[in-house]
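**Q** dropping a prediction and its sequence here:
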Amino acid sequence: SMPPPTPPLLSSRVKSDVNSGISSRGSSRRNSPLLTQSSSSAAIAKLGKVDEAEELSDGEHREESVVRAEKVQFWYLGSPLRPCSDKYQRGDGVDIYIDAARYLPDNCTVTRICLRLFTADKQQVGRTYDCYSLPSSSATSPSFNFKVECRSDLFQCTTFALLRMDTIDSALVAPSSVGYMTFKLFSSRDRARLKVNSDGTMYINTGSFQLPMFGGKPQPSGEFNDEMLNNLPRIPCASLLVRIVTAPKSSDGITTLSRDEYPEEDWARLGLDVPAPLYSSGSYNGTLCEPSAEDLVCFAAKASGPASSMSVDDSLSQAMAANTNQRLPAKPASLSTVKDTIAWYSQLFPASDQMRRVLNYALSIPYSVEAGLNVSVEGLHNMQDIGP
């Protein structure tokens, strides 16, 4: 039920970082074959070495300042994660907030996130959850404002979330898989992955996280945990903002609360609706998404491209109008609320286990003059034998 492997357009490298609290993926020193190193900016070439106290010329200092400013604009490291404080007790619940995505491929329009919980023995926990990008938010950096309430009498310590993002490809006007993300729900106090349930060592992996997005297909034959995407290619610039929160309890500390038990106007007071912080506040830990020099070029190209100013609804409407051969259900004229619009969005996608097509990553990022092109000759075939 997973999409087929993606074309080898991207690259990734594993980085060990237990303090990330999510997994040990990602690297700030990645090299992506989508782009060559920018020859016009010595500062970008030295970006990964600013801690080595190298001597830079005045011009390089100025360019490095520009690069640092761009890095702050597109990405924030955020506050370091502290050790977990909420020890898991039987009957405790976990709330997952899916807040927003950042810098998705330019050919994304409306996006759907499918979330499933698994244990290390590949058993799904509960049902599949899905949500859709809000119509008025940016198509390439959409908001979701979605919450998943995980409730169980007893969770396994290896429980983790596997998320897949789908979209309606603006070029094909057809549903396509964008990429995958994972995170663990439980950990040791120091946020290390647990393998067996043990009293006193199982904590809820609370925090606000910026997750990198990976293309391709997870291998069901391999290990099932929050590091199962390590060997997949990372999608440049794309990430997801999520929060893991311990579910609130009743005043006596016995009953775990859920939204379906209370009217909406009481959710905030009871801790059942925790608003998302601004990304620029630095609340999300961005350790796993630190951009490379090539990422910065991609960020700049995407920020100045036409897709950056399009809303979800406008980008989808424009794509459907431009492709008369598409077979998606037409947008009803009677849509008047966000709820109605999202209900229509849901009709555009197949069931979550029926997604087959993968997004065309060649349209992810606008061409950048600063980056140029990278051409590779892989080999020759059926060449005429003309002798020595």
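**A** On my side now, so go ahead. Numbers count the residues shown, from 1 in each chain.

**Q** what about the closest residue to residue 220 other than its chain neighbours, distance to residue 195?
**A** Closest residue in space to residue 220, ignoring its immediate chain neighbours: residue 122 at 7.2 Å, by CB to CB, 6 or more residues apart in numbering. The C-beta positions use only the backbone N, C-alpha and C, and glycine is treated the same way. Distance, residue 122 to residue 195, using CB to CB, to the nearest Å: 15 Å.

**Q** test my guess that residue 75 contacts residue 290.
**A** Yes. Using CB atoms under 8 Å, residue 75 is in contact with residue 290, at 6.9 Å.

**Q** SS state for the residue nearest to residue 220?
**A** Put simply, residue 122 is coil when judged by DSSP: H, G, I helix; E, B strand; the rest coil.

**Q** isn't it right next to residue 224, touching?
**A** Yes. In this structure residue 122 lies within contact range of residue 224 using CB under 8 Å: 4.8 Å.

**Q** what about these two, which has more around it?
**A** The residue with more neighbours, out of residue 122 and residue 224 and counting by other CB atoms under 10 Å, is residue 224; that gives 20 against 10.

**Q** what sits against that one?
**A** 118, 119, 120, 121, 122, 160 (CB atoms under 8 Å, 6 or more residues apart in numbering).

**Q** for the first one, what are phi and psi?
**A** The reference is to residue 118. Main-chain dihedrals, residue 118, degrees, to the nearest 10: phi -130, psi 160.

**Q** got a pLDDT number for it?
**A** Confidence at residue 118, expressed as pLDDT, is 94.

**Q** so who does it touch?
**A** Residue 118 sits next to 124, 125, 159, 160, 161, 162, 224 when contact means CB under 8 Å, 6+ apart.

**Q** can you count the residues close to residue 119?
**A** Residue 119 sits with 16 neighbouring residues when counted by other CB under 10 Å.

**Q** I should have written residue 91 there, sorry.
**A** 15.

**Q** CA-only coordinates of the longest strand along the chain in PDB, if you can.
**A** When the chain is parsed with DSSP state E, its longest strand is strand 234-246. Output in PDB follows, covering the C-alpha atoms of strand 234-246 (Å, rounded to 0.1, in the frame of the first residue of the first chain):
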ATOM      1  CA  ARG A 234      15.600  13.700   2.000                       C
ATOM      2  CA  ILE A 235      13.300  16.200   0.200                       C
ATOM      3  CA  PRO A 236      15.200  19.500   0.100                       C
ATOM      4  CA  CYS A 237      13.600  22.300   2.300                       C
ATOM      5  CA  ALA A 238      10.500  20.300   3.200                       C
ATOM      6  CA  SER A 239       9.600  19.800   6.900                       C
ATOM      7  CA  LEU A 240       6.600  19.300   9.200                       C
ATOM      8  CA  LEU A 241       6.000  21.000  12.600                       C
ATOM      9  CA  VAL A 242       4.500  18.700  15.200                       C
ATOM     10  CA  ARG A 243       4.100  18.800  19.000                       C
ATOM     11  CA  ILE A 244       3.800  15.900  21.500                       C
ATOM     12  CA  VAL A 245       1.900  16.800  24.600                       C
ATOM     13  CA  THR A 246       0.900  14.700  27.600                       C
END
